[in-house]
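[1] Curious how this folds, go ahead:
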Amino acid sequence: MSIKALVWDIDDTLFDYTGADRAGMRGHLAAEGLLDTYASPDQALARWREITDVHWARFAAGETGWQGQRRDRVRAFLDRPLSDAEADGWFERYAGHYEAAWALFPDTVPALDALAASHRHAILSNSSFANQDRKLRVLGVRDRFESVLCAAELGVSKPAVAAFHAACDALGLPPHQVAYVGDHPEIDGRGAADAGMLSIWIDRAGAHTAPDSGPRGPHRIASLAELPVILGADTRFGAPSTFR
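    Okay, the predicted model is just below:
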């Protein structure tokens, strides 16, 4: 049966989260006088991302709240005790630099344009609705999506099958009529496939080992321009898949 809708991840799929995070952290460390604390901005960013992964996992497991994981990330990064207000202030100053660098990937709008008439579109993100809804609005693409579902409100995170099924339910479609597009081979790629969706994993840098593929994916692509070929969309936009 044909695919009628796409559910999208946001960060590092539609939006260049890694690039914005790198630029934001560099600017923030300079403004805070912390550049000399690390051998290089890249080392600082690597430490920030490592801490983020740890505390995001705690949030996904229900061990802390949305604001709590942010505060814990700041305390761990600075390696000193801070009041909630101090941690919130530090994070908000970082967020200002990070948001100044927000940008969609160059292939995002062309892909959404090409598939607008042929497919319905929604979002499923392991974040909070307030955070991602605002991001999509600032980036000018919020009106492309019927619904935006996020882990903080759902109470369940990818790769849990229930998260993907919640997105399908929001569209009123069974999983086999929905494709999921995301950048993480396991959280997105394997998770969507396990949920019975057509799983499409975008690996822009070709830096990951692909999970085992079943008949419905994950299909590995390097650009969103490859989507119409996979979906069989009636559009002139698109490029042959570079990964099989």
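[2] what domains does the record give for the chain?
    If you go by automatic domain parsing, the domain ranges for the chain are 5-16+103-231, 17-100.
[3] and the strand or helix carrying Pro110, what other elements does it pack with?
    According to DSSP states H and E, Pro110 maps onto helix 108-115. Contacts defined by 3 or more C-beta pairs under 8 Å, 6 or more residues apart in numbering; DSSP states H and E place helix 108-115 against helix 227-231. Every residue, glycine included, has its C-beta placed from N, CA and C.
[4] Need phi/psi at Ile123.
    Its backbone dihedrals place Ile123 at phi -120, psi 140, with angles given as degrees, to the nearest 10.
[5] What number of residues are in the vicinity of it?
    When neighbours are defined as other C-beta atoms under 10 Å, Ile123 has 27 of them.
[6] same check, this time on Trp56
    Neighbourhood size, Trp56 [other C-beta under 10 Å]: 17.
[7] buried sites along the helix ranked longest in the chain?
    Ordering each helix of the chain by length in residues (DSSP state H) puts helix 41-60 first. Residues of helix 41-60 classed as buried: Pro41, Ala44, Leu45, Arg47, Trp48, Ile51, Thr52, His55, Trp56, Phe59, Ala60 (neighbour count, 16 or more other C-beta atoms under 10 Å).
[8] I'd guessed the first one sits against Gly27; true?
    Translated: Pro41. No: contact criterion C-beta atoms under 8 Å: Pro41 and Gly27 do not qualify, at 9.4 Å.
[9] Where does Pro159 sit: helix, strand or coil?
    coil (DSSP: H, G, I helix; E, B strand; the rest coil).
[10] what's the spatially closest residue to it that is not a sequence neighbour in contact with, if anything?
    In this structure, Pro159 finds its nearest non-sequential neighbour in Gly191, 2.8 Å apart by C-beta to C-beta, 6 or more residues apart in numbering. Counting by C-beta atoms under 8 Å, 6 or more residues apart in numbering, Gly191 touches Lys158, Pro159, Ala160, Val161, Ala163, Phe164, Tyr180, Ser199.
[11] before we move on, what about Pro174?
    Neighbour list for Pro174: Cys168, Gly196 [criterion: C-beta under 8 Å, 6+ apart].
[12] Quickly note the distance from Lys158 to Phe145.
    Computed as C-beta to C-beta, to the nearest Å, the Lys158 to Phe145 distance reads 17 Å.
[13] Skipping its backbone neighbours, what lies nearest Arg142 in space?
    Spatial nearest neighbour of Arg142, excluding adjacent residues (C-beta to C-beta, 6+ apart): Leu136 at 4.0 Å.
[14] give me the element that neighbour is part of.
    helix 129-138.
[15] elements contacting the helix or strand following that helix?
    For helix 129-138, the succeeding helix or strand toward the C-terminus, using DSSP H and E, is strand 148-150. Contact here means 3+ C-beta pairs under 8 Å, 6+ apart; on that basis strand 148-150 packs against strand 120-125, helix 129-138, helix 161-171.
[16] I appreciate the help and will end here.
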